[in-house]
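Student: requesting a structural model of the entry that follows:
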Amino acid sequence: MSVRNDGGLTKAITNRKMADDEKEKEGGDKRIVHVYPLVKHSDMIDEMRTEAVDLSITACEKFSSDYEQAAKVIKETLDKKFGTYWHVIVGEGFGFQVSYETNNLLYLFFAGNLAIVAWKCS
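Tutor: The predicted structure follows:
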């Protein structure tokens with residue numbers, strides 16, 4: 001960093017401090033939204049889980065305002081890749097209790113409060 005005699009360094013430091021102060025003031029009102037997938041429960045094998053998580057994220061990003069369409073895309077793709085009888089729920093603020101085939105359940109959160117549940121039953 002070079003020091004200038006015209007007060008440029010002092011001005012830069014002052015601007016930086018003001019920006020930091022504004023961030024501190026704003027920080028109290030903001031909440032952290034996680035953009036990575038958070039797998040809450042899964043009994044799938046690793047390879048299947050990775051594919052299902054990637055598929056779920058892609059569908060939810062593509063249809064961010066239409067959860068029904070996102071669920072439909074996830075279900076149809078899982079049916080093609082891993083056999084039929086998959087069920088999918090995409091939404092916010094719900095609970096669930098399901099009967100499912102062993103090693104075929106995925107429950108994850110994405111982008112804050114968006115939950116995705118996918119399970120297979122026969």
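
Student: how much distance is there from stretch 86-97 to the middle of the chain?
Tutor: If you compare the mean C-alpha spot of stretch 86-97 with that of the full chain, they lie 15 Å apart, counting by C-alpha atoms, centre = their mean, to the nearest Å.

Student: show the contacting residues for the residue nearest in space to the middle of the chain.
Tutor: The geometric centre of the chain, computed from its C-alpha atoms, lies nearest to residue 110 (C-alpha atoms, centre = their mean), at 2.0 Å. By C-beta atoms under 8 Å, 6 or more residues apart in numbering, the contact list for residue 110 reads 35-38, 56-57, 60, 116. In short, each C-beta sits where N, CA and C put it, glycine included.

Student: what is it paired to in the beta sheet?
Tutor: Going by DSSP bridges, residue 110 is paired in beta bridges with residue 114.

Student: same check, this time on residue 106
Tutor: For residue 106, the residues forming beta bridges with it (DSSP bridges) are residue 42, residue 118.

Student: residue contacts, it?
Tutor: By C-beta under 8 Å, 6+ apart, residue 106 lies in contact with 39, 41-42, 44, 49, 52-53, 56, 116-119.

Student: closest to residue 94 among these?
Tutor: Each of the contacts of residue 106 was checked against residue 94 using C-beta to C-beta; the closest is residue 117, at 8.5 Å.

Student: tell me which stretches of this protein form strands.
Tutor: Counting by DSSP state E, the chain has strands at residues 38-42, 86-91, 105-110, 114-120.

Student: among these, which is nearest residue 71?
Tutor: Nearest to residue 71 among the strands of the chain is strand 86-91; the distance by C-beta to C-beta comes to 4.3 Å.

Student: what is the orientation angle of the closest one with strand 105-110?
Tutor: For strand 86-91 and strand 105-110, the angle between their directions (axes from the mean of the first three to the mean of the last three C-alpha atoms, to 10 degrees) works out to 20 degrees.
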